[in-house]
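**Q** Dropping the sequence and predicted coords here.
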Number of protein chains: 2
Amino acid sequence: MRWKCTCAYDGTDFEGWQKQPHGLTVQNQIERALSQIFSQPIQIQGSGRTDAGVHAKGQVFHCDANWQHPPEKLIRALHSILPKSIKIVDATAVSDDFHARYSVCGKRYVYRYYLGRAGPMEERYLWACRELPVDLDAMNTAAQRLIGTHDFTAFSASHRKDNDPNPTKTLHRLEVQQEGSQLTLTTEGSGYLYRMVRSLAGALYAVGRNRLSADDISSILASCQRSHRIVTAPACGLFLDQVFYPSAQK
Amino acid sequence: MRWKCTCAYDGTDFEGWQKQPHGLTVQNQIERALSQIFSQPIQIQGSGRTDAGVHAKGQVFHCDANWQHPPEKLIRALHSILPKSIKIVDATAVSDDFHARYSVCGKRYVYRYYLGRAGPMEERYLWACRELPVDLDAMNTAAQRLIGTHDFTAFSASHRKDNDPNPTKTLHRLEVQQEGSQLTLTTEGSGYLYRMVRSLAGALYAVGRNRLSADDISSILASCQRSHRIVTAPACGLFLDQVFYPSAQK
């Protein structure tokens, strides 16, 4: 019996999603809670990793477990064990061919910047950029250069490239919106290289500050090499917003 | 040279405001940062304590320190040392007769409830009440019984009553507003007994759930004795919103 679960977490205090032998990771916490509920070891498969400090509103995992009660009861049981920083948003029984990682057809990430001094509650969940102002139009013009299918090696951290042999990804959406002092970058794509969204966020911020031009972005992309001109934006601003699956697999 | 400083903090990970010899408290953190900046021990005086886990948007403290540069520079220096969970919102030079505690003429507290399942980011900053629905009108009717000048002993935790010999306080405002699933209690008053706002928040929630009536609230108040029928609402929903001083002392 396979369950597709959607979860949200405040990643601040976790060493990322991925299970580690002695780490405080989100996957460790959820597996521990499930294993306690089912009185047997339960393993989960996430849609992919998130780095230390990165948050999620809609991370998806699957697990195989024989649960005969309403899903809501499983969620309540999990919440009674899990730390407050992890919430199960949904649990749905799915067919055995659903795979949280291999069935993924895309993901939406959101990156939040704040221009100026953010409060102590807000700063956990955004990148407080102390500099002002930014050129929003320039950011979106440069973002257009990145939409489409490209080798995104230039916008990834190279030392884990071996984990994903294919550096070519497709971005369907990459845009930045401003609301008061808050900037929100939204991207939807087929997949992402290691640290790719944070690299895009850092690069577009540099464009907004007129330190890089849209043409610089194009040539950095075309170089297929990481440039020292790209700064990786901090983890705290990044949210895995939604994981997309073919509608047949809901 | 006296400074009046306003600060905001995420109280989740602190053992309250008040300095403790080996505690992780907000006062400890700020004094440590100031002492480092001024290369000498600097002590601060807060407007009053907040409990472990309680947040602040406008806590006020004063300190005496010889700072000849613009206040903004002091704030930046503090932020380079303080944890992200503490922010200095304002620093203003004031006259020597300003006292952060003794000059207080009132305080505004906000208590946030959430009806239903809150996300992992929200739940740090509110009381996630899983029960639904609440009778908002009943809550505000009962709140009216508490406005005015009363002995609030029934709405305080007794074991620290000796810290404040006068149990009579004046509430100018006590009301609950609803916006979607979020309830916000706002209170303004001359002063508060130990755990008084959280006791009020717990009592009014019980009214909203029809477990207490407005008449119960009146009789509990008149009893001047703590009743087992009052539950202290959890710290995470409470914010010290603003401290009021006579306008002459800004």
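**A** Ah, there it is. The structure presented is a predicted model; accordingly, all values stated were derived computationally and were not measured.
**Q** can you give me the offset of stretch A:77-86 from its chain's centre?
**A** Taking C-alpha atoms, centre = their mean, to the nearest Å, one finds the center of stretch A:77-86 at 21 Å from the center of the full chain.
**Q** Those residues of chain A touching chain B, which are they?
**A** A:8-10, A:55, A:57, A:79, A:84-87, A:89, A:117-121, A:123-125 (C-beta under 8 Å from any C-beta of the partner chain). Placement of C-beta: from N, CA and C, glycine included.
**Q** Need the buried ones from these selected in ChimeraX.
**A** A single ChimeraX command selects the buried members of the residues of chain A next to chain B (16 or more other C-beta atoms under 10 Å in any protein chain shown):
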select /A:8,9,10,55,57,79,85,86,87,89,117,118,119,120,121,123,124,125
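**Q** Just the ones of the residues of chain A next to chain B in strands?
**A** Applying DSSP state E to the residues of chain A next to chain B, the entries found in strands are A:8-9, A:55, A:57, A:86-87, A:89.
**Q** which of those lies closest to residue B:38?
**A** Residue B:38 lies nearest to residue A:55 out of these, by C-beta to C-beta, at 36.9 Å.
**Q** Any figure for the gap between the closest one and residue A:88?
**A** Look at residue A:55 and residue A:88: by C-beta to C-beta, to the nearest Å, they are 15 Å apart.
**Q** Please apply the same query to residue A:143.
**A** Distance from residue A:143 to residue A:88, counting by C-beta to C-beta: 33 Å.
**Q** Now do the SS call for the closest residue to residue A:18 other than its chain neighbours.
**A** Closest residue in space to residue A:18, ignoring its immediate chain neighbours: residue A:49 at 4.7 Å, by C-beta to C-beta, 6 or more residues apart in numbering or on different chains. Using DSSP: H, G, I helix; E, B strand; the rest coil, the structure places residue A:49 in coil.
**Q** show me the contacts for residue A:49.
**A** By C-beta atoms under 8 Å, 6 or more residues apart in numbering or on different chains, the contact list for residue A:49 reads A:16-18.
**Q** Ranking by neighbours, what's the top pick from those?
**A** Most neighbours among the contacts of residue A:49, by other C-beta atoms under 10 Å in any protein chain shown: residue A:17, with 25 neighbours.
**Q** Take the ones in strands among the residues of chain A next to chain B and lay them out in TSV including pLDDT.
**A** TSV is the format used below for those (pLDDT from 0 to 100):
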residue	pLDDT
A:8	98
A:9	97
A:55	98
A:57	97
A:86	96
A:87	97
A:89	96
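**Q** Can you tell me which of those is nearest residue B:149?
**A** Checking these one by one against residue B:149 (C-beta to C-beta), the nearest turns out to be residue A:87, at 42.7 Å.
**Q** So the closest one is in contact with residue B:116, correct?
**A** No: using C-beta atoms under 8 Å, residue A:87 is not in contact with residue B:116; the gap is 11.5 Å.
**Q** where along chain A do the helices fall?
**A** Counting by DSSP state H, the segments of chain A that form helices are A:26-38, A:71-81, A:136-146, A:196-208, A:214-223.
**Q** Adding mean pLDDT, write those out as a markdown table.
**A** Below are the helices of chain A laid out as a markdown table (pLDDT from 0 to 100):
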| stretch | mean pLDDT |
| --- | --- |
| helix A:26-38 | 96 |
| helix A:71-81 | 96 |
| helix A:136-146 | 98 |
| helix A:196-208 | 97 |
| helix A:214-223 | 96 |
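**Q** Now do the top strand by length along chain A: which elements does it pack against?
**A** In chain A, with assignment by DSSP E, the single longest strand is strand A:168-179. Applying 3 or more C-beta pairs under 8 Å, 6 or more residues apart in numbering or on different chains; DSSP states H and E, one finds that strand A:168-179 makes contact with helix A:136-146, strand A:148-151, strand A:182-189, helix A:196-208.
**Q** Contacts for that strand next, please.
**A** Strand A:168-179 is contacted from outside by A:106, A:108, A:134, A:136, A:139-140, A:143-144, A:146-152, A:183-193, A:196, A:200, A:204, A:208, using C-beta under 8 Å, 6+ apart.
**Q** What residues of it count as buried?
**A** So strand A:168-179, judged by 16+ other C-beta under 10 Å, has buried residues A:169, A:171, A:174, A:176.
**Q** Give the bridge partners for the last one, please.
**A** Applying DSSP bridges to residue A:176 yields these beta-bridge partners: residue A:185.
**Q** What residues of stretch A:218-232 count as buried?
**A** Applying 16+ other C-beta under 10 Å to stretch A:218-232 flags A:220-221, A:226, A:230, A:232 as buried.
**Q** The nearest residue to residue A:238 once chain neighbours are set aside: what's it in contact with?
**A** The shortest distance from residue A:238 to any non-neighbouring residue, by C-beta to C-beta, 6+ apart, is to residue A:54 (4.6 Å). Contacts for residue A:54 (C-beta under 8 Å, 6+ apart) come out as A:11, A:16, A:235, A:238-240.
**Q** hmm, which two among those are most spread apart?
**A** Across the contacts of residue A:54 (C-beta to C-beta), the longest gap, 14.0 Å, separates A:16 and A:239.
**Q** Just checking: what are the partner strands of the helix or strand bottoming out on mean pLDDT in chain A?
**A** Lowest on mean pLDDT, DSSP states H and E among the helices and strands of chain A sits strand A:127-129, with a mean of 92. Paired with strand A:127-129 in the same sheet, following DSSP bridges, are strand A:106-115 (parallel).
**Q** what angle do the partner strand and strand A:168-179 make?
**A** When axes from the mean of the first three to the mean of the last three C-alpha atoms, to 10 degrees is applied, the directions of strand A:106-115 and strand A:168-179 differ by 40 degrees.
**Q** from the chain's centre, how far out does the longest strand of chain A sit?
**A** From the chain centre to the centre of strand A:168-179 is a distance of 13 Å (C-alpha atoms, centre = their mean).
**Q** Show me chain A divided up by domain.
**A** Using automatic domain parsing, the domain parsing of chain A gives A:2-102, A:106-244.
**Q** Distance across the shortest one, terminal residue to terminal residue?
**A** Translated: domain A:2-102. For domain A:2-102, the first-to-last residue distance is 15 Å (C-alpha to C-alpha, to the nearest Å).
**Q** How about the longest one?
**A** End-to-end distance of domain A:106-244 (C-alpha to C-alpha): 5 Å.
**Q** where does chain A have low pLDDT?
**A** Along chain A, the model assigns pLDDT under 70 to residues A:131, A:158-164, A:248-250.
**Q** ok, 80 please
**A** A:130-132, A:158-165, A:248-250 (pLDDT under 80).
**Q** who's in contact with the residue of it positioned farthest from its centre?
**A** Here the centre of chain A is the reference, and by C-alpha atoms, centre = their mean the most remote residue is residue A:68, at 31.7 Å. Applying C-beta under 8 Å, 6+ apart to residue A:68 gives no contacts.
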